[in-house]
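K.L.:
Take a look and give me a structure for this.
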Amino acid sequence: MASRKNSGSEPTSVLGNVVAFIAVAVVAGVVAAGLLIPPAAAAGAAANASIGWFKSLPSDMESGPVSQSSTVVAKDGTEIAKFFAQNREPVPLKEISPNMQKALLSIEDRDFYDHGGVDPWGIVRAIGNNLLRPSNRQGASTITQQYVNNLIIDQQVRNGEQASTIGADKGVVDKIKEMKLAISMEQEKSKDEILEGYLNVVLFGGSNYGVEAASQYFWGIHASELSIAQSATLAGMVQSPNYYNPEVNPEASTQRRSIVLDTMVQTGAITRQQAEQAAKEPMNLDIHHTSSGCTAAKSAPYFCDYVENQVMQSDTYGATPEERLATLQRGGLTIRTTLDPKAQKAAETQVNATQPKDNNPDNVSTALISLEPGNGHVVSMAQNTNYSGAEGDSNTTYNFNVDSNVGGAGGFQVGSTFKPFTLAEWINSGKGVKASIDARRLNYPADYQWKASCLPNGYKIEPGTDGNGLSFQNATEGYNKVMDVDYGIYNSINSALYAMAADLDLCAIGNITKALGIHDGKTGDPVDTTVLSALLGGSADISPMTMARAFSAFANDGVMCEPRAITDVRDARGKTYEVPADKCQQVIKKEVAQGVNHVLEQVLVKGSAYQRGIGLPNASAAKTGTTDNSTQTWMLGYTKGLATASWVGNYQYGSRSLNGLNIGGKSGGSGTDWVDGATYAGGQWQKYMQEVAPSYSTKPFSEPPASVLSTKK
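P.N.:
Residues are numbered from 1 along each chain as shown. Below is the predicted model of the structure:
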């Protein structure tokens, strides 16, 4: 096959040439008989044993699809990334420069439009040349034969098989098989179709397959724009794609180009004057490197990684990881996703404004993810790192927004963003958000019996690490007092949270969190709410995606939708692949969600994030979260149309405080400047939502029933 030839083979012996001559002469005779004998005579000749054997060979040759790159696109169709083992962009023949067509035919198959798939005179010509000039051997394969070889190899690779000798170093029998398949192809396809297919499949050095990919790689132009000189360069590469590669061997490539130009003159494709002018032209390479996969994504590389993981974990694309990878890299898929490019740009801007990835001396991590509550579609996904496995403080392939089983970091402690789940159970149990609670206690004795119906004794004892029971502090002094439930939540008072829990069943709180899909992002286990530290988000690592999904249920009147990133997958032939549909269900009562919304609206008005409002007082809600010593900070907030988790914390240094670190050119410290959820996580949430939320529903939340707003306890 021309595209796989070695650039220099050892001279064969005289005896070997004689044997080759005899063998190929037989082939030439058989082929000539099959091609040139008139139909009536051919019928009689069919009795000949050789012809009969020849015609018994396989004649079916599927012409595609050849391996094609798969493309991941945003919901508006813009490209996110390509996946390929062979960089190929098929184009119709009319979009390939006539210069390129003439150059290829001149050097590879000047009689292409006259023969029937095999050129017997070309075989004789090649034999004569190879006998007389063994150091400068010629092949005799037509374009059709070369196309057959490329298709065979491509199919075998796509099927995970090792390429057979018919596609590599062919013996006489293999050569005859190749000829038979070429003749069959000529009976099924027009000459233009064969030429188009060949120009889209042949290798042009490196991983560039097909003339469009090669044109883009070497000069950054379309195949339709190729000049005579550029066309001659590419046509010359077909014989030995890597040896005649102008990027790595410019001298050999230039010499080969001259040979092609001379041949074009001989065949009448161009004039001598055109050839001389083209031969003087410099290569003027303008290399456009094309990388495969998410590392090449200019935007949303971690969302791309999430999509790739979904494909690689689905049996829809193959029974084994190897088959799925082959489908992704060679199947020509168009994978349409839910990503909103405008929202993604805003997300990336904000996470890097909080802490630039290229100027991050203290390695502070940021992330943000948005979902549509009504359908679970992932709108944006960003973090302040480079998607790369190479060494570097700002490089990582771990996705901060998702669980570890889909390529993520596995989550972080969520602090007080866990408190709304206790509030949800408070409402679910029939209590009112205006009920008064005694939040003066900062300690519960070791023998205090916390109700826990799922435990053997029906209660939980919390002796504490020192045996003195549960002790804690509020973030700000002066809040250990009697207060209403809603006041305690929107101001994020720890003593209020535990006062509520003391009146509830810890296991019932756990049922709420399970219903809302809350789980440890590293282990996949549900969060054990009988561990009292869990109620303050301190016992498990939870991913931003999981938290955003849970809060989206509040925005959606208790209906929670599973996150969805892929909406449609089909290949170049129009074959569709089954993708999960929107999956939504009522997980908490409508009035429970309404009550939570009513309370969390106040967080942005007069609560812990009063300075982070987005101008939608009755249509936006949020909750801040800060772990001990300001290690991880969060802002979870939403409108009817958008639920967003914003996180600023430590990925590499999990127990390190953010206080005093350089964040966005500023340093947090003690006193009023300490870092909490409203500081940086709240800031990036606010700016992002101000820009993006108006593009989605901002209808006011529905009011909860009077029973939810009551003082009932």
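
K.L.:
roughly how far apart are the residue most central in space within the chain and Leu371?
P.N.:
Centroid-nearest residue in the chain, with C-alpha atoms, centre = their mean: Cys304, separated by 2.8 Å. Using C-beta to C-beta, to the nearest Å, Cys304 is found at 17 Å from Leu371. For glycine as for every other residue, the C-beta is placed from the backbone atoms N, C-alpha and C.

K.L.:
ditto for Tyr317
P.N.:
Between Tyr317 and Leu371 the computed distance is 24 Å (C-beta to C-beta).

K.L.:
which of the two has more neighbours?
P.N.:
Neighbours were counted for Tyr317 and for Leu371 using other C-beta atoms under 10 Å; Leu371 has more, 28 against 21.

K.L.:
Just grab the bridge partners of the more buried one for me.
P.N.:
Leu371 has these beta-bridge partners by DSSP bridges: Val378, Ala643.

K.L.:
and Gln484, what does it touch?
P.N.:
For residue 484 the amino acid is Asp, not Gln. 433-437 (C-beta atoms under 8 Å, 6 or more residues apart in numbering).

K.L.:
are any of those buried, and which?
P.N.:
Among these, those buried by neighbour count (16 or more other C-beta atoms under 10 Å) are 433, 435, 437.

K.L.:
Phe554: which of those residues is nearest?
P.N.:
Using C-beta to C-beta, Val433 comes nearest to Phe554 of these, at 13.5 Å.

K.L.:
Got the domain ranges for this protein?
P.N.:
Structurally, the chain divides into domains by automatic domain parsing as follows: 2-56+87-280, 68-86+293-344+356-383+400-677+686-713.

K.L.:
just these: most buried one?
P.N.:
By mean neighbour count, with neighbours taken as mean count of other C-beta atoms under 10 Å, domain 68-86+293-344+356-383+400-677+686-713 ranks first of the domains of the chain at a mean of 20.

K.L.:
out of the domains of the chain, which comes closest to Ile287?
P.N.:
Each of the domains of the chain has some distance to Ile287 by C-beta to C-beta; the shortest is domain 2-56+87-280, at 6.3 Å.

K.L.:
picking that back up, which one of the domains of the chain has the poorest average confidence?
P.N.:
Across the domains of the chain, domain 2-56+87-280 has the smallest mean pLDDT, namely a mean of 77.

K.L.:
on that earlier part again, can you list which of the buried ones among the contacts of Asp484 are found in strands?
P.N.:
Members of those lying in strands (criterion: DSSP state E): Ile437.

K.L.:
could the buried ones among the contacts of Asp484 be laid out in TSV, adding distance to Tyr479?
P.N.:
TSV is the format used below for the buried ones among the contacts of Asp484 (distance: C-beta to C-beta, whole Å):
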residue	distance to Tyr479
Val433	18
Ala435	17
Ile437	12
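
K.L.:
Let me know the closest of the buried ones among the contacts of Asp484 to Leu604.
P.N.:
Val433 (16.6 Å).

K.L.:
quick one: the closest one from Leu285, how far?
P.N.:
Distance from Val433 to Leu285, by C-beta to C-beta: 69 Å.

K.L.:
any idea which element Ser240 lies in?
P.N.:
Counting by DSSP states H and E, no helix or strand carries Ser240.

K.L.:
How much space separates it from Gln350?
P.N.:
Separation of Ser240 from Gln350 (C-beta to C-beta) stands at 51 Å.

K.L.:
So which residues of the stretch 151-300 of the chain form helices?
P.N.:
Counting by DSSP state H, counting those that start in this stretch, the stretch 151-300 of the chain has these helices, from start to end: 172-188, 191-201, 211-219, 228-237, 250-266, 272-280.

K.L.:
So which residues make contact with the second one?
P.N.:
Contacts with helix 191-201, where a contact means C-beta under 8 Å, 6+ apart, come from 63-64, 66, 88, 90-93, 96, 100-101, 104-105, 112-113, 143-144, 146-147, 150-151, 154, 185-186, 189, 209-212, 223.

K.L.:
switch the cut-off to 6 Å
P.N.:
For helix 191-201, contacts defined as C-beta atoms under 6 Å, 6 or more residues apart in numbering pick out 66, 90, 93, 96, 113, 143-144, 147, 150, 210-211.

K.L.:
Asn556 is in contact with Tyr638, correct?
P.N.:
No: when contacts are counted by C-beta atoms under 6 Å, Tyr638 is not listed as touching Asn556 (9.1 Å).

K.L.:
For the residue lying closest to Ala81 once chain neighbours are set aside, what are phi and psi?
P.N.:
Closest residue in space to Ala81, ignoring its immediate chain neighbours: Ala297 at 4.1 Å, by C-beta to C-beta, 6 or more residues apart in numbering. For Ala297, the backbone dihedrals (degrees, to the nearest 10) come out as phi -70, psi 130.

K.L.:
who's in contact with Gly408?
P.N.:
Counting by C-beta under 6 Å, 6+ apart, Gly408 makes contact with 399, 402, 543.

K.L.:
quick one: contacts for the residue nearest to Ala81?
P.N.:
For Ala297, the contact set (C-beta under 6 Å, 6+ apart) comprises 80-81, 304.

K.L.:
could you dump the residues you listed to a markdown table with distance to Thr338 and secondary structure?
P.N.:
Formatted as a markdown table, those follow (distance: C-beta to C-beta, whole Å; DSSP: H, G, I helix; E, B strand; the rest coil):
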| residue | distance to Thr338 | secondary structure |
| --- | --- | --- |
| Ile80 | 11 | strand |
| Ala81 | 15 | strand |
| Cys304 | 13 | helix |
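
K.L.:
Redo the residues you listed as TSV? Include distance to Leu423.
P.N.:
Putting the contacts of Ala297 into TSV (distance: C-beta to C-beta, whole Å) gives the following:
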residue	distance to Leu423
Ile80	38
Ala81	41
Cys304	36
